[in-house]
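**Student:** No sequence on hand, only this structure:
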C-alpha cells in the first residue's frame, strides 16, 4: 500500500502507514489487478485485458473435471513466518504497520474476483476452477 501512495520514484511516504483513502483511490485507478496466489487466473485476465475474449487462451478454460494442474507460480512467492518464533511486541509492531496492507489486499481480492466473474460471463467460459 505504501508504493501506491508514493510521490515520484519510490519515495517513502511521510507516514509509514498510508491513509486508507489514498490507497483506496489508487487501487481504483489501476488498470489491472492480479494475485500471486491465483497466478493462472491472473494471467488469463492479462490476456483478456490485452485483447478481449478472443485473446483468452484455451489453457485458461477450466477443464470439465473442475481441476487444473497447478504450477509453482500458483503458490505465490511469499515467505511464511511462524508466529511462535517472534516476540509479542514484534508481532504488535507488524500488525500496526500492516493494517492498511490487509485492507488493500481484501479490496484487491474483491476487485479481482469481480473482474474474473465479469470476464467469465462476458466470454462464456469458466476460468476459475474453484
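**Tutor:** Looks like it came in fine. Just so you know, these numbers come straight off a predicted model, no measurement behind them.
**Student:** what's the offset of the helix ranked longest in the chain from the middle of its chain?
**Tutor:** Identified as the longest helix of the chain according to DSSP state H is helix 99-123. In terms of CA atoms, centre = their mean, to the nearest Å, the centre of helix 99-123 is found 7 Å from the chain centre.
**Student:** contacting residues for the residue positioned nearest the centre of the chain?
**Tutor:** Nearest residue to the geometric centre of the chain (CA atoms, centre = their mean): residue 35, 3.0 Å. Counting by CB atoms under 8 Å, 6 or more residues apart in numbering, residue 35 makes contact with 41, 42, 108, 109, 112. Glycine gets a C-beta too; all of them are placed from N, C-alpha and C.
**Student:** hmm, who's touching stretch 82-91?
**Tutor:** Taking CB under 8 Å, 6+ apart as the rule, stretch 82-91 contacts residue 94.
**Student:** re the thing from before, quickly name whichever of the contacts of residue 35 is closest to residue 58.
**Tutor:** Nearest to residue 58 among the contacts of residue 35 is residue 41, at 14.8 Å by CB to CB.
**Student:** tell me the angle the one helix or strand the closest one maps to makes with helix 99-123.
**Tutor:** If you go by DSSP states H and E, residue 41 is part of helix 39-51. If you take axes from the mean of the first three to the mean of the last three CA atoms, to 10 degrees, helix 39-51 sits at 60 degrees to helix 99-123.
**Student:** right, and the helix or strand after helix 39-51?
**Tutor:** helix 88-97.
**Student:** now that following helix, how far from the centre of its chain.
**Tutor:** Mean-position distance between helix 88-97 and its chain equals 23 Å (CA atoms, centre = their mean).
**Student:** In that helix, which residues are buried?
**Tutor:** Buried residues in helix 88-97, counting neighbours by 16 or more other CB atoms under 10 Å, are absent.
**Student:** average pLDDT for that helix?
**Tutor:** Averaged across helix 88-97, pLDDT comes to 82.
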